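Novice: coords please:
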Amino acid sequence: MNDWLPISSYDDLKVKPKRAVFRFAPESPNGSGGFALGETVELTRLFGTRVCTHWVALPDTDNL
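Specialist: Have a look, this model is predicted:
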């Protein structure tokens, strides 16, 4: 697998890869008794209000 790239490089692409994985930053608890959320990886660019920080392209499985 390739190295993680900053999300800005994904946003700048004119043609997005067919498949990619996105990394979201951990979140500290808010001041109102909330709970902390750990770093997570998802298959979609948007994941609620979480901040996406990095991405990596996945291999094109159609050509395997």
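Novice: So which residues make contact with the worst-scoring helix or strand of the chain on mean pLDDT?
Specialist: In the chain, the helix or strand scored least confidently by mean pLDDT, DSSP states H and E is strand 40-42, which has a mean of 91. Here strand 40-42 makes contact (CB atoms under 8 Å, 6 or more residues apart in numbering) with 21, 22, 23, 24, 47, 50. The way it works is simple: take the backbone N, C-alpha and C, and place the C-beta from them, glycine included.
Novice: Save the residues you listed as TSV, and put in secondary structure, distance to residue 14 and neighbour count too.
Specialist: Below are those laid out as TSV (DSSP: H, G, I helix; E, B strand; the rest coil; distance: CB to CB, whole Å; neighbours: other CB atoms under 10 Å):
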residue	secondary structure	distance to residue 14	neighbour count
21	strand	20	15
22	strand	19	21
23	strand	22	18
24	strand	24	20
47	coil	24	14
50	coil	25	17
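Novice: Return the member of the residues you listed nearest to residue 11.
Specialist: Nearest to residue 11 among the contacts of strand 40-42 is residue 22, at 11.4 Å by CB to CB.
Novice: OK, contacts around the residue nearest to the spatial centre of the chain?
Specialist: By CA atoms, centre = their mean, the chain has its centre lying nearest to residue 22, at 1.9 Å. Going by CB under 8 Å, 6+ apart, residue 22 touches 7, 10, 41, 42, 43, 44, 45, 47, 52, 54, 55.
Novice: Please report the distance of it from residue 29.
Specialist: 23 Å (CB to CB, to the nearest Å).
Novice: State the three-state secondary structure for residue 9.
Specialist: helix (DSSP: H, G, I helix; E, B strand; the rest coil).
Novice: Give me the pLDDT value at it.
Specialist: On the pLDDT scale, residue 9 is placed at 97.
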